[in-house]
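> next comes the sequence, and after it the predicted model I'd like to discuss.
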Amino acid sequence: MIVNVLLLLVCTPILAQTTDEPGYTISPNIPITDNGDHAIRLNQIGFYPTASKVAVIVSSKPAPAFYLIRHRDETKVFSSKLAETRPTELSKEPTQTADFTTFQTPGTYRLVVPGIGTSYPFVIAPDVHRGLTKAVWKGFYFQRASTALPERYAAVWHRAAGHPDDSVVIHPSAASATRPVGTVIKSPRGWYDAGDYNKYIVNSGITMGTLLAAYEDYSALLDTLALNIPERTNTLPDALDEILWNLRWMLTMQDPADGGVYHKLTNARFDGMIMPAAAHTPRYVVQKGTAATLDFAAVMAQASRVLRPFKQLPGLADSCFQAAELAWQWAQQHPREVYDQAALNNRYDPDIVTGGYGDRDFADELIWAAAELYTTTQKVEYIQLIKLFPDRKNPLPSWAQVRLLGYYTLARHAQRLPDYPGKENVTMRIIKVADELLRNYDQRSYHMVMGATAKDYLWGSSSVAANQGIALIQAYRLTQDQKYIAAALSNLDYLLGRNSTGYCFVTGFGSFSTQHPHHRPSIADGVRAPVPGLLAGGPNPGKQDKAEGCTYGPDTHAPDKAYLDHDCSYASNEIAINWNAPLAYLAVALEAYYTGGKK
Ligand SMILES: [Ca+2]
Ligand SMILES: [Ca+2]
C-alpha cells in the first residue's frame, strides 16, 4: 500500500495485442458507444442460471419496460417491466431495477431498455465465473518477486526477474546479537504487496490466512483449477503451488535465533514507476514486531495443517509448525512491540518511508494465532491463555483486524476439536455478523450487501465487499441456509459492475473495467492492457491522493462514486494482495456452490 508519496508518472502506452492466453479467456474491452450503455449497470461477466439476475438502470427519465436479446442474432428472448424509480442511498441518483431472474437459458445476451440503451453483453452459464476465479488466483503469480515471468505463463505481461532479495540488509532497527547491523540475509520469493515492490508480513498474514482458508473450504474445486504457472506439471494443486511461493518467503522472515519476525522487507523509499528488473536500490528487513510475529504464527500453524497430507513436501509441515511455535513464544515474551515507523526513523538511518502497516492493537492477532495453533495441535491451552471474546464486537477482517479469521477457523473445525469455554459463541457470532449484513440488502437500490453505510467505502472498499461475502459464506457453511449465498453473490455482482461507478473492478474482465491501476508493472510494461486478474481498491471518499495532484471527476462527491481509473490514484485504484485474496475466496466459493458442489 502506498502512503504519502509523490508520484511522477511517465507512462507511454504502447498498443499491444492480447492474443496469447495466460490460462483463461480475457474478454476484450468493448468501448462505450453511447451513454445509454453505461446507464445499465450489471455484472458484466454474467449470471448463474438458477441465481438472482438484476440490472440497475441509472436514468432521470423513467422507462416502463426492458427486454433481453440474444447477442448472436438479436432475437428477443425475454421481456418484463421495470420497477419504479428510486434514488440510490448515497449518490441520490434515480434508478430502476430490471429483474430477469426467471430467465435461465444459458447463452450470451444484452439487456435493452427502450429510450435508454443496450447493456454490455453478458453470459448466463453454470460456471460463469470459472475464468474469473482462475484469473484472480493467477493474479498472485503476476505478483511474484525474485523470478522472471516467462511468456508461456504470463502472455504479453511477461517480464524479466527483479528483486532477487538474496542480499537483504539487517536494518539498524532489526539488529540483534546474532545478526548485527549490516548483516546480509537471503529472503527471496514472496509476492509484491500491491502496486509497489515491497513485501510486508502483516499484509501477507491476512492474505495467506484467507487463501489457506479457501483451500480448507474448497479444495475439491481448487485441486482442479489449472493456473498455467511454472509448477503446472508437478503433483501439487496449482493453488497450493502459488501459496507456497509466498509461504517460503515468509519462513525466511523469522529470526531463527529467537523466533521474532521482521515487520517487512523493503526499500528505504518506494521504487519509481519502473519494472522489477530495473529496480536496484538496497533492500532491508526492519524491526521485529508483535503483529507481524503473531500473524506469522497463525499462517504457519494453518499452513502446517493444510500441507500435512502432501507427502511431496517432506518436512515442510513440520518446519511451518516449529516456526509457528517459536513465533508464538516470542510474542508471549514481546506482547507490545509496536511497529511505529515515525519513531523508528527518529532513532535509525536510513529512514524507511514505504507502507507502514502500523497496528497498535494486538488482541485480534492473538486470537487468530491462538485459534490456529489450537486447531492444529488440539491443545486447549492456546485459547485458554488469551481473551477469545474481549468484547461484543465482531469486526470485518482487514490487515489490522484479524479476529474473525480466528473465529472462522474455530467454527470450520469445531466438530473435531475438544471443548473450550464459549465454544458455541463462535458460531453464534459468525451468524450474527452475517445476519447484520443481510438486513434489508435486497431493499437497497443496487440490491447488494455492500454500501449499507457510507463507512463501507473506505480505502480498499472492494475488499470490504469481498470480506462481507466471505462472512456470509461462513454463515452458509454453518447453517446451510442459501439466503447467505444469494447475499454473497450480490457483492460479487457489485465488484463486477452493478455499482454506482459502472466499473468492473477486476482487470481484464468485463466490458468496462479498470484500465489504469496504480500498479508498477502495469504502468511500466508497455502493454496497453493492465496485468489481468487484479482487484482495484474501489471508491474511497478519503481521496488521499488528491494532495499529490490526482484529479477526480466532477461526479465523484458521493462515497460510492469516489473512484478514479488513473494510475496516480493509489487511494482508489491500487491493487493489493489482501484485496485479491478475499475475491479469490468469494469467487471459488460461489463457483463451488452454483456448479453443483453446494458445499
Ligand atoms: Ca501444480
Ligand atoms: Ca490488530
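Nice, I can see it. Numbering: from 1, shown residues only. Ligands and ions are numbered 1, 2, ... in the order given.
> residue 396 is in contact with residue 471, correct?
Yes: at 6.7 Å, residue 471 and residue 396 qualify as touching, with contact defined as C-beta atoms under 8 Å. (Each C-beta comes from the backbone N, C-alpha and C, glycine too.)
> phi, psi for the residue in the stretch 451-599 of the chain that ligand 2 sits nearest to please.
Residue nearest to ligand 2 within the stretch 451-599 of the chain: residue 578 (13.4 Å; C-beta to the ion). Reported as degrees, to the nearest 10, the phi and psi values for residue 578 are phi -80, psi -10.
> any idea how many residues pack against it?
If you count neighbours by other C-beta atoms under 10 Å, residue 578 ends up with 27.
> mind listing what it touches?
By C-beta atoms under 8 Å, 6 or more residues apart in numbering, the contact set of residue 578 is 203, 206, 207, 210, 398, 399, 460, 463.
> show me which residues of this protein are close to ligand 1?
231, 234, 236, 238, 241 (C-beta under 5 Å from the ion).
> show the buried residues in these.
Listed as buried from the residues of the chain next to ligand 1 are 231, 236, 238, 241; burial here means 16 or more other C-beta atoms under 10 Å.
> mind pulling up the pLDDT for the third one?
What it means is residue 238. Looking at residue 238, its pLDDT reads 98.
> which SSE is immediately downstream of the least confident helix or strand in the chain by mean pLDDT?
Sorting the helices and strands of the chain by mean pLDDT, DSSP states H and E puts helix 35-39 at the bottom, at a mean of 72. Downstream of helix 35-39, the next assigned helix or strand under DSSP states H and E is strand 40-41.
> same for that next one, what does it pack against?
Under the contact criterion of 3 or more C-beta pairs under 8 Å, 6 or more residues apart in numbering; DSSP states H and E, strand 40-41 touches strand 54-58.
> residues of the stretch 351-500 of the chain that sit close to ligand 2?
Contact residues, the stretch 351-500 of the chain versus ligand 2 (C-beta under 5 Å from the ion): 359, 361, 364, 400.
> ends of stretch 487-507, how far apart?
24 Å (C-alpha to C-alpha, to the nearest Å).
> one more: stretch 411-430?
By C-alpha to C-alpha, the extent of stretch 411-430 from end to end equals 9 Å.
> so which residues make contact with that stretch?
The contact list for stretch 411-430, computed with C-beta under 8 Å, 6+ apart, reads 213, 216-217, 374-375, 378, 380, 383-384, 388-389, 394, 404, 407-408, 410, 471, 474-475, 477-478.
> CA atoms only: put the longest helix along the chain into PDB for me.
Longest helix in the chain by number of residues, with DSSP state H as the criterion: helix 201-222. Output in PDB follows, covering the C-alpha atoms of helix 201-222 (Å, rounded to 0.1, in the frame of the first residue of the first chain):
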ATOM      1  CA  ILE A 201       4.400  -9.700   6.700                       C
ATOM      2  CA  VAL A 202       1.300  -8.100   8.300                       C
ATOM      3  CA  ASN A 203      -0.400  -7.900   4.900                       C
ATOM      4  CA  SER A 204       0.800 -11.300   3.900                       C
ATOM      5  CA  GLY A 205      -0.700 -12.600   7.000                       C
ATOM      6  CA  ILE A 206      -4.400 -11.900   6.200                       C
ATOM      7  CA  THR A 207      -3.800 -12.700   2.600                       C
ATOM      8  CA  MET A 208      -2.300 -16.100   3.300                       C
ATOM      9  CA  GLY A 209      -4.900 -16.800   6.000                       C
ATOM     10  CA  THR A 210      -7.700 -16.100   3.500                       C
ATOM     11  CA  LEU A 211      -6.200 -18.200   0.700                       C
ATOM     12  CA  LEU A 212      -5.400 -21.100   3.000                       C
ATOM     13  CA  ALA A 213      -9.000 -20.900   4.300                       C
ATOM     14  CA  ALA A 214     -10.200 -21.100   0.700                       C
ATOM     15  CA  TYR A 215      -8.200 -24.200   0.300                       C
ATOM     16  CA  GLU A 216      -9.600 -25.700   3.500                       C
ATOM     17  CA  ASP A 217     -13.100 -25.000   2.400                       C
ATOM     18  CA  TYR A 218     -13.000 -25.600  -1.300                       C
ATOM     19  CA  SER A 219     -10.100 -27.900  -2.000                       C
ATOM     20  CA  ALA A 220     -12.200 -30.100  -4.300                       C
ATOM     21  CA  LEU A 221     -12.600 -27.300  -6.800                       C
ATOM     22  CA  LEU A 222      -9.200 -25.700  -6.200                       C
END
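> so that helix, near ligand 2 or not?
No: using C-beta under 5 Å from the ion, helix 201-222 never reaches ligand 2; the gap is at least 8.7 Å.
> for ligand 2, what are the nearby residues on the protein?
Residues of the chain lying near ligand 2 (C-beta under 5 Å from the ion): 359, 361, 364, 400.
> count of neighbours near the third one?
Burial measure for residue 364: 24 neighbouring residues, criterion other C-beta under 10 Å.
> would it count as being in a helix?
Yes: remark: residue 364 belongs to a helix, assigned using DSSP: H, G, I helix; E, B strand; the rest coil.
> hmm, it is touching residue 399, no?
No: counting by C-beta under 8 Å, residue 364 does not reach residue 399; the two are 10.8 Å apart.
> quick one: contacts for the closest residue to ligand 2 within the stretch 201-350 of the chain?
For the stretch 201-350 of the chain, the residue closest to ligand 2 is residue 291, as judged by C-beta to the ion, at 6.0 Å. Going by C-beta under 8 Å, 6+ apart, residue 291 touches 202, 263, 339, 357, 359, 362, 365, 400.
> and if you look at residue 442?
Contacts of residue 442 (C-beta under 8 Å, 6+ apart): residue 490.
> and residue 471 and residue 396? Which one has more around it.
A count of neighbours by other C-beta under 10 Å puts residue 471 above the other of residue 471 and residue 396, at 26 against 17.
> gap between the more buried one and residue 284?
If you measure residue 471 against residue 284 using C-beta to C-beta, to the nearest Å, the figure is 36 Å.
> and for residue 546?
In terms of C-beta to C-beta, residue 546 sits 30 Å off from residue 284.
> between those two, tell me which one has more neighbours.
residue 284 (22 against 14).
> on that earlier part again, now tabulate the contacts of residue 291 in CSV and tack on distance to residue 123 and pLDDT.
Converted to CSV, the contacts of residue 291 look like this (distance: C-beta to C-beta, whole Å; pLDDT from 0 to 100):
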residue, distance to residue 123, pLDDT
202, 38, 98
263, 44, 98
339, 45, 98
357, 39, 96
359, 42, 96
362, 46, 98
365, 42, 98
400, 38, 98
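> strands of the stretch 51-200 of the chain, residue ranges please.
Using DSSP state E, counting those that start in this stretch, the strands of the stretch 51-200 of the chain run over 54-58, 65-70, 76-81, 86-87, 94-99, 107-113, 117-118, 122-124, 168-170, 184-185, 199-200.
> which of these is buried the deepest?
The highest mean neighbour count among the strands of the stretch 51-200 of the chain, using mean count of other C-beta atoms under 10 Å, belongs to strand 199-200: a mean of 30.
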